[in-house]
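[1] pasted the sequence and its predicted model underneath.
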Amino acid sequence: MTKLSVNINKVATLRNTRPQLNIPSVIRCATICLDAGAHGITVHPRPDQRHIRPQDVYDIAELLKKYPKAEFNIEGNPFIEFMHFIEKVKPTQATLVPDDPAAKTSDHGWDLQNNAERLAAVIRRLKDLGTSVSLFMDPQPEHMELAKRLGADRIELYTEPYAAAFARGDRHAADAYEKTARRAAELGLGVNAGHDLNLDNLPPFLKQVPHVEEVSIGHALIGDALEFGLAETVRKYLRASGLAT
Ligand code: PXP
């Protein structure tokens, strides 16, 4: 069974436009996701704090104590203001991402060859803390062996190129992902996937790509929540204004 970890960053993006009001509340939204059956919560605290802020990380960790089966996945670049979160919170999983602080969002997987030594050291440290380690990777089966040798527990497939190819109608959009997932599983690596997954492209992805243990989805899910929830919300405001019963 594939688990769903909801990436809650975009709730914080909106909240941060008027932080003093705490609307929308990251914690209330995380609670709604978990109560609806999500298997975990993902955050990506960035050095510029443009969405998730350090206090959010600590508050979500506290919330998750009430959901002992839920997983806390913290993403980030381990070489830039990241490890202190893991040391403090000891989440279930750390997803290591090679993102530049200036990047709008994660936009490529690791070059393992050129980061092997320092990644191996970080992975050892994370595992000593009891945190499982996932490496954000492009769909390239030939790199799975080194991911395994460096000590990773899982890889997370970077699915933005899949989502773009799927949107163009490319029937081979998931082929490289399928091959990479098979190779990872052969080596004993777990497989996660994330980025630009949505209600349309997720089902065919999971149908073709085997062994996917977890998807982490943020942007489309939070956008869909607005669209699916707006009508009910407008009705509530009409009632609150005495304009409807
Ligand atoms: N995985 C990683 C490593 C990410 O950086 C992100 C975005 O924060 C996601 C998954 C989720 O992507 P999206 O918001 O497009 O669903």
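    Received it, and whenever you're ready, just let me know what you need. Everything numeric here is computed off the predicted structure, so don't read it as measured data.

[2] any chance you could map the strands in this structure?
    3-7, 40-43, 71-76, 93-96, 132-137, 154-158, 190-194, 212-217 (DSSP state E).

[3] show me where this protein has its helices.
    9-15, 26-35, 54-64, 83-89, 112-128, 144-149, 160-167, 175-186, 202-208, 219-240 (DSSP state H).

[4] among the strands of the chain, which is nearest the ligand?
    Nearest to the ligand, of all those, is strand 190-194, at 2.9 Å by Cβ to the nearest ligand atom. Bear in mind the C-beta positions are built from the backbone N, C-alpha and C, glycine included.

[5] okay, and the beta partners of residue 41?
    Judged by DSSP bridges, the bridge partners of residue 41 are residue 6, residue 72.

[6] doesn't residue 5 make contact with it?
    Yes. The criterion here is Cβ atoms under 8 Å, and residue 41 meets it with residue 5 at 6.5 Å.

[7] got any residues that touch both of the two?
    Residues touching both residue 41 and residue 5 (Cβ atoms under 8 Å, 6 or more residues apart in numbering) are 71, 73.

[8] make TSV from the helices of the chain and add distance to residue 135 to it.
    TSV is the format used below for those (distance: least, Cβ to Cβ, whole Å):
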stretch	distance to residue 135
helix 9-15	20
helix 26-35	25
helix 54-64	21
helix 83-89	15
helix 112-128	7
helix 144-149	5
helix 160-167	16
helix 175-186	10
helix 202-208	19
helix 219-240	21
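
[9] adding mean pLDDT, mean neighbour count and distance to residue 194, write these out as JSON lines.
    Listed next are these as JSON lines, based on pLDDT from 0 to 100; neighbours: other Cβ atoms under 10 Å; distance: least, Cβ to Cβ, whole Å:
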{"stretch": "helix 9-15", "mean pLDDT": "97", "mean neighbour count": "20", "distance to residue 194": "12"}
{"stretch": "helix 26-35", "mean pLDDT": "98", "mean neighbour count": "18", "distance to residue 194": "15"}
{"stretch": "helix 54-64", "mean pLDDT": "98", "mean neighbour count": "17", "distance to residue 194": "18"}
{"stretch": "helix 83-89", "mean pLDDT": "96", "mean neighbour count": "16", "distance to residue 194": "19"}
{"stretch": "helix 112-128", "mean pLDDT": "97", "mean neighbour count": "15", "distance to residue 194": "18"}
{"stretch": "helix 144-149", "mean pLDDT": "98", "mean neighbour count": "18", "distance to residue 194": "16"}
{"stretch": "helix 160-167", "mean pLDDT": "98", "mean neighbour count": "18", "distance to residue 194": "9"}
{"stretch": "helix 175-186", "mean pLDDT": "98", "mean neighbour count": "19", "distance to residue 194": "12"}
{"stretch": "helix 202-208", "mean pLDDT": "98", "mean neighbour count": "15", "distance to residue 194": "10"}
{"stretch": "helix 219-240", "mean pLDDT": "98", "mean neighbour count": "12", "distance to residue 194": "10"}
